[in-house]
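Trainee: structure, please.
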Amino acid sequence: MEYGINSNLRIYAGGLGILAGDILKTAHEYDYPIFGIGMLWLEGYTKQLIDENGRPYDKYPINEYIYDYLEDTDVKVNIKVKGKNIKLKVWKLKTDYMNPLYLLDSNLEENGKYDWITKRLYAWGEEERIAQEIALGIGGIRAIRALDLDVDVYHFNEGHAVFAGTEIINEKMNKGLDFAQALTATQNKVVFTTHTPVKKGNEEHEHSLLKSMGAYNGLTKKQMIKIGNDPFGNTVAGLKLAKISNGVAQLHGVTARQMWEHIEGKSPIKAITNGIHRKTWVDSRIYKAFEDGDDLLPIHQQLKSELINYVKDKTNSQLDNDKLLIGFARRAAPYKRANLIFRKMDLVDPYLREGKIQIIFSGKAHPLDDKGKDLVEEIVKISKKYPNSVVFLEDYDMEIAKMMTRGVDVWLNNPRRPKEASGTSGMKSAMNGVLNLSILDGWWPEACQHGMNGWQFGDGYMGDNQDKHDLDSLYRVLLKEVLPTYYDHKAKWEEMMNNSIESTYEDFSARKMLENYYLKMYRKIK
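Mentor: Have a look, this model is predicted:
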């Protein structure tokens, strides 16, 4: 559905898209035969800005320049939405640093009022989302056939692609198999990744709506219930269409198995921890210093200075290069608790006033998520109270992510465990020598060596008064361990930076992730 390639191609929303882009870049770097199918989002994901009252608002500028990055394949495919024939043009991204990415485009004159299907990512309502998933899934398989691409394994990366399964089943039934045989044959070609333990992130649709939209794709209601239950769940369908499925961290694998244990006929759920494309995210200067055994702090201070200048240009806030700088950047969702550190303002206020604690925030709320926007508005309000200690960078994108994950001193992450599936921003920070201060959720339980390569807080607690427990733990670790180490024990801080890079650079790389996908999933397919 989305691919994060660079900041100029606004066809991604967040971590899911960044991961997909990193997979294609890593596949190219290490010669894995993988290609991607996605959507050409003409207006992309929201360009989320802050108004004069401190409230986020959404803009959707048309990205006409996006066609400059594309190569015409001379292929068009047909799909049906609400009984209407829709054409999708297939483009190929022009690049020499990643594997092929083919993008489907409905922005064609012959589509009339249906040219909107590939305009906006994650916008509008349920009918529009289903139409987009029909285009991605059914249109994607038809594009693969029209391009004459050979496929050994179909990897449905999240539930948006599951209607591809109906198309593969249809193909096999048209060759003489009955539904049960076609379903089994399809399962023997499909793997599936589930990315979120948050209920709202796992789509469900009523069958009457799917049928009217055209998602049945020639199958019957009984057959569609067999695939995705009733109501139809995209994640359920992914789990049942695949031979093998996976969560995206070891803890998330456990969570996913518990979350979906009631689903009959699902595939086994393994755990393959996400990884990052190091050439995209790790600054070459800091890694060279690490490899050569040179001091890391001078290089880090240079990267920090670059970030501080970037912030000055963006916001006119002047941060201090010699004071602790914390980064927090991710989707503005309530369970990620962006405001946790401010919930006892009387405790943190003196540190903010003195500048001993500085924090840069960034992140977008989903366009339809008012609670997420409330969170951003709260952070912006606090930043106005402490203009040279708290900063919010609007319209979070890959450029901001790169600057922050290499320029801050500490990467703060405090989701409500076990809601965080993975958390690749922490990996990016760790490989740049930025020390993680995080709840034991997502990837961090696998990496954390408390007091050696970063810190954990909360001790993995889940239960009553979890927010209070985590808040008290955050303040205790931040004020009694992190601050004293930063201000009074620079040699230890630098040692921890080295440990952070050494302990994560290989184990949390996208190369390692792809190796695991081949070993644990792709090679298990007949």
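Trainee: just the strands in the stretch 301-450 of the chain please.
Mentor: Under the criterion DSSP state E, counting those that start in this stretch, the stretch 301-450 of the chain contains strands at 324-329, 357-362, 390-393, 410-413, 435-439.
Trainee: do the stretch 101-250 of the chain as well
Mentor: Under the criterion DSSP E, counting those that start in this stretch, strands of the stretch 101-250 of the chain are mapped to 101-105, 154-157, 190-193, 204-205, 232-233, 244-247.
Trainee: any chance of the ones you listed in JSON lines, with distance to residue 475, mean neighbour count and mean pLDDT too?
Mentor: In this view, the C-beta of every residue, glycine as well, is placed from N, C-alpha and C. Output for the strands of the stretch 101-250 of the chain, formatted as JSON lines (distance: least, CB to CB, whole Å; neighbours: other CB atoms under 10 Å; pLDDT from 0 to 100):
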{"stretch": "strand 101-105", "distance to residue 475": "45", "mean neighbour count": "23", "mean pLDDT": "98"}
{"stretch": "strand 154-157", "distance to residue 475": "38", "mean neighbour count": "21", "mean pLDDT": "97"}
{"stretch": "strand 190-193", "distance to residue 475": "36", "mean neighbour count": "26", "mean pLDDT": "98"}
{"stretch": "strand 204-205", "distance to residue 475": "39", "mean neighbour count": "18", "mean pLDDT": "96"}
{"stretch": "strand 232-233", "distance to residue 475": "40", "mean neighbour count": "22", "mean pLDDT": "98"}
{"stretch": "strand 244-247", "distance to residue 475": "31", "mean neighbour count": "25", "mean pLDDT": "98"}
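Trainee: can you add distance to residue 340 and give those strands back as CSV?
Mentor: Converted to CSV, these look like this (distance: least, CB to CB, whole Å):
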stretch, distance to residue 340
strand 101-105, 37
strand 154-157, 30
strand 190-193, 29
strand 204-205, 30
strand 232-233, 31
strand 244-247, 25
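Trainee: among the ones you listed, which is nearest residue 137?
Mentor: Residue 137 lies closest to strand 154-157 among those, at 8.4 Å (CB to CB).
Trainee: residue 80 reaches residue 214, doesn't it?
Mentor: Yes. Under the criterion of CB atoms under 8 Å, residue 80 makes contact with residue 214 at 4.6 Å.
Trainee: so which bits of stretch 191-210 are buried?
Mentor: 191-198, 201-205, 207, 210 (16 or more other CB atoms under 10 Å).
Trainee: before we move on, what about stretch 470-483?
Mentor: 470-471, 473-475, 477-478, 482-483.
Trainee: buried stuff in the lengthiest helix in the chain?
Mentor: Longest helix in the chain, counting residues (DSSP state H): helix 126-146. Neighbour-count burial for helix 126-146 flags 128-144 (criterion: 16+ other CB under 10 Å).
Trainee: do you know how far the residue of the chain most remote from its centre is from residue 241?
Mentor: Relative to the C-alpha centroid of the chain, counting by CA atoms, centre = their mean, residue 176 is the outermost residue, at 39.7 Å. Counting by CB to CB, to the nearest Å, the gap from residue 176 to residue 241 is 20 Å.
Trainee: mean pLDDT, mean neighbour count and distance to residue 268 for the strands of the stretch 301-450 of the chain - can I get that in TSV?
Mentor: Converted to TSV, those look like this (pLDDT from 0 to 100; neighbours: other CB atoms under 10 Å; distance: least, CB to CB, whole Å):
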stretch	mean pLDDT	mean neighbour count	distance to residue 268
strand 324-329	98	23	34
strand 357-362	98	25	37
strand 390-393	98	24	41
strand 410-413	98	25	29
strand 435-439	98	26	28
